[in-house]
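**Q** let me see the structure of the following:
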Amino acid sequence: MHVTIRPLATEDIDQVRDIEIEAFTASWPATAFKREIDNPRTTYLVAYEPSETEPAEVAAEPAAESDDRSGLVDNLKRFLTRSPRTARSGEEVVGFVGMWFMGPEAHITAIAVREVRRGEGIGELLIVGSIREAMRRGSQVVTLEARVSNYVAQSLYEKYGFTNVGIRKHYYTDNREDAVIMTTERVDTPDYQEKFTQLQQGYTERKGEIHITLA
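**A** Numbers count the residues shown, from 1 in each chain. Below you'll find the predicted structure:
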């Protein structure tokens, strides 16, 4: 899979807005992406397919197979050292994730993938990008909400260490469905970082190299 993750660029906004409209109900408040793109407390990452003329980016190398925990953590640190980039003509945005940063907490506010591209692992790649960004910014935990009926999403989040910590009653305005509040264990610990590195290795084995650029 050739999908790459990078920060939202102004040129992406129309495509991201289309994905938001497709993924969420009419009652979902429209995101002011033009304003949020410059907000230091927010981050938006997009999943996109590079144009055919774009040079290949440097991939995040998977950690070497080793029982040495320090080696796994060193590989994770290399994952988090990326350089920024901007949108190029011909790139198709296929998904996005939004995050708020509040003290030690990184909160995922929205995650969406184009309907025709669901089931390809793009949502999981966006979760990986979100956790990397949380680590890069020094967050201790990552939180989010999920519909109580969305077992597929909850299963993916649980895979990455999110657990159910509560319920927000009638959270979704379209049908007053409850939301499950999910949060990770501390992501700044060696134990979680080792687990996260191993999960990325597994993703690489199933889907191919991970390409993520962070600001």
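
**Q** what sits against Val3?
**A** Ala47, Tyr48, Glu49, Val94, Gly95, Glu120, Ile122, Leu125, His211 (C-beta atoms under 8 Å, 6 or more residues apart in numbering). Quick note: C-beta positions are derived from backbone N, CA and C, even for glycine.

**Q** cool, and Val165?
**A** For Val165, the residues meeting the contact criterion (C-beta under 8 Å, 6+ apart) are Ile181, Met182, Thr183.

**Q** what do you get for Ile37?
**A** Counting by C-beta under 8 Å, 6+ apart, Ile37 touches Leu8, Thr10, Ile13, Tyr44.

**Q** that older thread, in strands, which of the contacts of Val165 fall?
**A** The strands, defined by DSSP state E, take in Ile181, Met182, Thr183 from these.

**Q** for those, which one is nearest Tyr160?
**A** The nearest member of those to Tyr160, counting by C-beta to C-beta, is Met182 at 9.8 Å.

**Q** that closest one: neighbouring residues, count only.
**A** The local packing of Met182 (other C-beta atoms under 10 Å) involves 22 other residues.

**Q** okay, and the beta partners of it?
**A** Beta-bridge partners for Met182, by DSSP bridges, are Leu144, Asn164.

**Q** contacting residues for the closest residue to Pro104 other than its chain neighbours?
**A** Nearest residue to Pro104, sequence neighbours excluded (C-beta to C-beta, 6 or more residues apart in numbering): Gln140, at 4.0 Å. Residues counted as contacts of Gln140 (C-beta under 8 Å, 6+ apart) are Pro104, Glu105, Arg186, Val187, Asp188.

**Q** derive a ChimeraX selection command for the buried subset of these.
**A** With 16 or more other C-beta atoms under 10 Å as the criterion, this ChimeraX line picks the buried residues out of these:
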select :187
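
**Q** could I get the contacts of Gln140 in TSV, plus columns for pLDDT and distance to Arg176?
**A** TSV is the format used below for the contacts of Gln140 (pLDDT from 0 to 100; distance: C-beta to C-beta, whole Å):
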residue	pLDDT	distance to Arg176
Pro104	97	31
Glu105	98	26
Arg186	98	33
Val187	98	32
Asp188	97	36
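
**Q** please consider this matter closed, and thank you.
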